[in-house]
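Asks: turn this into a structure:
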Amino acid sequence: MGSTSILWSHYNRWHKPTANEINEEQHAKEHTGTVSHDNAANISNAGKLFYDQDIYSNRCAAHTLQLAVKKCLDLNSCRPLLKTASKIVATEKECKKLNLVLSCPTRWNSTLDMFERLLELRSAVVVIMSDRTLFNSKIAKDQELLEEDWEKIEILVTLLKPLKTATTVLCADQNVTVSMVLPIVKSLIVKHYKPNNLDSRFSTLFKETIIHELSTRCSVQIDVDNDCEREISITQMASILDPRYKNMSFESSENIKNRIKQIVRSKMVLLSRNTDVRIPTEKRTALDELLEEEPNNDTDEFSRYMAEFQINHNADPCAWWKDHENIYPTLAVLAKQILCIPASSASSERVFSTAGNILSPKRNRIHHDICQP
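Replies: Reported below is the predicted structural model:
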């Protein structure tokens, strides 16, 4: 494991020599099949420079979800409510009787946490805001939440909860997550945020916005006419290699499904030619010799895998592949290479945050040989 310092701003373009230098320095091609990153434009463009080296670009799924949430909270119907709620929390932070949570743009799901705590302490907040010994009438009026505002907060809590759950699941580092991205996003769109006649205008606008953002950012819903122009992502390949999602019910286009299968087949052929792993072959019988029956090839292996029953989403795909690696030897190797990719870069972000505490005002005597600039 290593790190490389890149002195580029968010507005600079990456150049291919820079990407190649990083690739050579970190020996990425030998150990890596995917570059996971956030959604910053310069980093996303940099990820595309590795395509010709068969290294895929994988945007952080959790960060993508949060960008969609931010778009919804920036709506004219939500922004004033969020601003007022943040003012109340910031003002009453000094009150030790209340333990409110302040929304932070860089802390995922903190807006939901703030709204939930406000609802929990609603009675206390109203009483304290009406106390003129603590707040004058001008501040109280500026930070007043009407009954309809509280109703909107309740609606937002209900709407934001599925997104928090999805973010938590995709940030897990002990489970296979990359294959869950598209099934989860599709479920959010068609199940949790499907508009109905009982929705208020406020709720409908939020749902329409989140559906548009998720569809656009994750390429879950797209016109069939544009399928030929759509790139196949590493998350799509991961889903078909996960026995929980291999039927690809999240993908409505048969054209896209066939292209994903074709790419996986080609990777199997390439893997069987180049891999150093010894793949067991079936022993031929006398009847095979007489009737000219050939052993199953990689294509038949993939067809047999696709004919398998899709397992429950709560099952462990790693355990399934361990039990079936002798039945599908080439696919098992490919599955190990792809399913190990994290859906989110949250784990590496946590490592960087921890590493930032190595050098601090309280730890300034570490030798420069240990901490290189």
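
Asks: rounded mean pLDDT for the helix or strand harbouring residue 138, please.
Replies: Using DSSP states H and E, residue 138 falls within helix 137-142. For helix 137-142, mean pLDDT is 81.

Asks: now that helix - C-alpha only, PDB.
Replies: In PDB, the C-alpha atoms belonging to helix 137-142 read as follows (Å, rounded to 0.1, in the frame of the first residue of the first chain):
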ATOM      1  CA  SER A 137     -38.500  38.500  19.600                       C
ATOM      2  CA  LYS A 138     -36.400  39.300  16.500                       C
ATOM      3  CA  ILE A 139     -34.400  36.100  16.700                       C
ATOM      4  CA  ALA A 140     -37.400  34.100  17.700                       C
ATOM      5  CA  LYS A 141     -39.300  35.300  14.600                       C
ATOM      6  CA  ASP A 142     -36.400  34.700  12.300                       C
END
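
Asks: flag every buried residue along the helix or strand just after it.
Replies: Next in sequence after helix 137-142, counting helices and strands by DSSP H and E, comes helix 147-170. Buried residues in helix 147-170, defined by neighbour count with 16 or more other Cβ atoms under 10 Å: 152-153, 155-157, 159-160, 162-164, 166-167, 169-170. Placement of C-beta: from N, CA and C, glycine included.

Asks: packing partners of helix 147-170?
Replies: When contacts are defined as 3 or more Cβ pairs under 8 Å, 6 or more residues apart in numbering; DSSP states H and E, helix 147-170 packs onto helix 61-73, helix 79-92, helix 110-120, helix 181-187, helix 201-218.

Asks: just to revisit the earlier point, can you tell me which of the buried residues of helix 147-170 is nearest residue 203?
Replies: Among these, residue 155 lies closest to residue 203 (Cβ to Cβ), at 5.4 Å.

Asks: that closest one and residue 149, how far apart?
Replies: Distance, residue 155 to residue 149, using Cβ to Cβ, to the nearest Å: 11 Å.

Asks: can you list the neighbours in contact with the helix holding residue 138?
Replies: 87, 91, 129, 130, 132 (Cβ atoms under 8 Å, 6 or more residues apart in numbering).

Asks: and with 6 Å instead?
Replies: residue 129 (Cβ atoms under 6 Å, 6 or more residues apart in numbering).

Asks: for it, buried residues please.
Replies: Going by 16+ other Cβ under 10 Å, helix 137-142 has these buried residues: residue 140.

Asks: hey, C-alpha coordinates of stretch 161-173 in PDB?
Replies: The C-alpha coordinates for stretch 161-173 follow below in PDB (Å, rounded to 0.1, in the frame of the first residue of the first chain):
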ATOM      1  CA  LYS A 161     -34.200   7.400   5.600                       C
ATOM      2  CA  PRO A 162     -33.900   5.000   2.600                       C
ATOM      3  CA  LEU A 163     -31.000   7.000   1.300                       C
ATOM      4  CA  LYS A 164     -29.200   6.800   4.700                       C
ATOM      5  CA  THR A 165     -29.800   3.100   4.800                       C
ATOM      6  CA  ALA A 166     -28.400   2.700   1.200                       C
ATOM      7  CA  THR A 167     -25.400   4.800   2.100                       C
ATOM      8  CA  THR A 168     -24.600   2.700   5.200                       C
ATOM      9  CA  VAL A 169     -24.900  -0.600   3.300                       C
ATOM     10  CA  LEU A 170     -22.700   0.600   0.400                       C
ATOM     11  CA  CYS A 171     -20.000   1.900   2.800                       C
ATOM     12  CA  ALA A 172     -19.600  -1.500   4.500                       C
ATOM     13  CA  ASP A 173     -16.000  -2.900   4.200                       C
END
